[in-house]
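Chemist: Provide a 3D model corresponding to the input given below.
(one chain, ligands or ions: 1)
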Amino acid sequence: MPSENGLLSPQERDAALTRLDGWSASGERDAITKSFRFADFSESFGFMARVALVAEKADHHPEWFNVYNKVDVTLSTHEAGGVTHKDIALAEAMEAIAATV
Ligand SMILES: C[C@H](O)[C@H](O)[C@H]1CNC2=NC(N)=NC(=O)C2=N1
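Modeler: Residues are numbered from 1 along each chain as shown. From the prediction side, this is the model:
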């Protein structure tokens, strides 16, 4: 049964992760993470700029850390206290954007 706040069960989260290349469950809290690598800073920032537009439209925002060609991303739904379908949807959007960078 889906929980009221939209939290995915660990089983639901792991099933979604099997369809997301390079994503894994955070070892630190109920969140999903991926470290993206690009050719250089310009590609990293282009990726981040495009993701930012999607995130703002969805009112669902990533935690991320960028150095040069690396963008480390952590997704969780703060209001729910863990991973929800919003995080899976944003991860899928990031995959689609990264594929075209
Ligand atoms: C007030 C505003 O809608 C909320 O704080 C939104 C904004 N962006 C958000 N982003 C994420 N990742 N989790 C949230 O719970 C969240 N809540």
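Chemist: can you tell me which helix or strand Asn66 belongs to?
Modeler: strand 63-67 (DSSP states H and E).
Chemist: which stretches of the protein have low pLDDT?
Modeler: 1-3 (pLDDT under 70).
Chemist: Can you tell me which helices and strands the lengthiest helix in it packs against?
Modeler: Assignment by DSSP state H gives helix 41-58 as the longest helix of the chain. With contacts taken as 3 or more C-beta pairs under 8 Å, 6 or more residues apart in numbering; DSSP states H and E, helix 41-58 sits against strand 63-67, strand 70-75, helix 85-98. In this view, the C-beta of every residue, glycine as well, is placed from N, C-alpha and C.
Chemist: The ligand contacts on the protein?
Modeler: Asp59, His60, His61, Thr77, His78, Glu79 (C-beta under 6 Å from any ligand atom).
Chemist: I'd like the residues you listed as TSV, with secondary structure appended.
Modeler: Listed next are these as TSV, based on DSSP: H, G, I helix; E, B strand; the rest coil:
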residue	secondary structure
Asp59	coil
His60	coil
His61	coil
Thr77	strand
His78	coil
Glu79	coil
